[in-house]
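Student: just a sequence and a predicted model for now, questions to come.
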Amino acid sequence: MKFVEGEGKTVDEAVEKALKELGALKDEVQVEVMEEIESKGLFGFGLSKSVKVKVSLLENNESGNLKSKSKEILSRILELMDIKAEVIAKETKETVELEIRTEDAAILIGKRGQTLNSLQELITLMVNKGGVEIRKRFVLDTEDYRRRRSEVLVNLAQRSAQDVLKTRQEIELEPMIPQERYIIHSTLQDYPKIMTQSRGEGIDRRVVILPK
């Protein structure tokens, strides 16, 4: 069982410090008060008290409550961005979906979804900071952007495939995040005279459509 020890003037303060280091929420852990320490104050006058606690991840929840944790983190980020929003979290076998309801959707989406994609990557990194392997994908959405973007990508893939068939020349698409590249690959997987590849590294990784 993974645990962290924390110390503070009160139990709540000690627990809060341990939770931050552990990257967990209160309902995901077990708290044990280890000791209460008393020491003399400055120049030997008065008493100073502190509490030491042991905070452990619950064994049946080593990865934490992904839905509540990611929702809390995203809500904090939006608050820091001065964006008023409501976050609706849903969890499936493969994903944790975070829907942002706000009047500032255009700001959150950014050019071709770049801001939304960056927030999605940030949430993934922050939830994973506890060192526990997370097997689910985090998907951020607002104003049904993901569905609309998917339709655009399907059309782009089909048009590009037709151009490749006509010219017999490969076409290299713009850089995309993994789930967008997947849409291109899956759209063209049954085209008998077309093949797709991914090229590049990191944020520059993109799909290339080629003739067979």
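Tutor: Ah, there it is.
Student: only C-alpha atoms for contact and neighbour calcs from this point on.
Tutor: OK.
Student: distance of Glu32 from Val15?
Tutor: Distance from Glu32 to Val15, counting by C-alpha to C-alpha, to the nearest Å: 9 Å.
Student: neighbour count for the two, which is higher?
Tutor: Remark: of Glu32 and Val15, Val15 carries more neighbours, 25 against 14, as counted by other C-alpha atoms under 10 Å.
Student: my guess is that one meets Gly6, correct?
Tutor: Yes: in terms of C-alpha atoms under 8 Å, Val15 counts as a neighbour of Gly6; the distance is 6.2 Å.
Student: what touches both of these two?
Tutor: Common neighbours of Val15 and Gly6, using C-alpha atoms under 8 Å, 6 or more residues apart in numbering, are 53, 55.
Student: now do the strands in this protein.
Tutor: Remark: strands assigned in the chain by DSSP state E are 3-8, 29-40, 47-57, 85-91, 95-102, 137-141, 171-175, 194-199, 206-211.
Student: on that earlier part again, now do the shared contacts for Glu32 and Val15.
Tutor: By C-alpha under 8 Å, 6+ apart, the residues touching both Glu32 and Val15 are 53, 55.
Student: residues in contact with Lys54?
Tutor: Neighbours of Lys54 in contact, by C-alpha under 8 Å, 6+ apart: 3-6, 18, 31-34.
Student: repeat that with 10 Å
Tutor: In this structure, Lys54 makes contact with 3-7, 14-15, 18, 29-35, judged by C-alpha atoms under 10 Å, 6 or more residues apart in numbering.
Student: give me the domain ranges for this structure.
Tutor: The record's domain parsing of the chain by automatic domain parsing lists 3-60, 66-143, 148-211.
Student: now render these as a markdown table, adding mean pLDDT.
Tutor: Formatted as a markdown table, the domains of the chain follow (pLDDT from 0 to 100):
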| stretch | mean pLDDT |
| --- | --- |
| domain 3-60 | 74 |
| domain 66-143 | 89 |
| domain 148-211 | 95 |
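Student: any idea how far Ala161 is from Val139?
Tutor: When Val139 is compared with Ala161 (using C-alpha to C-alpha), they lie 28 Å apart.
Student: and Val29, by the same measure?
Tutor: Applying C-alpha to C-alpha, the value for Val29 to Ala161 is 52 Å.
Student: equivalent analysis for Asn65, please.
Tutor: Distance, Asn65 to Ala161, using C-alpha to C-alpha: 42 Å.
Student: more neighbours: those two, which one.
Tutor: Between Asn65 and Ala161, counted using other C-alpha under 10 Å, the more crowded position is Ala161 (23 against 14).
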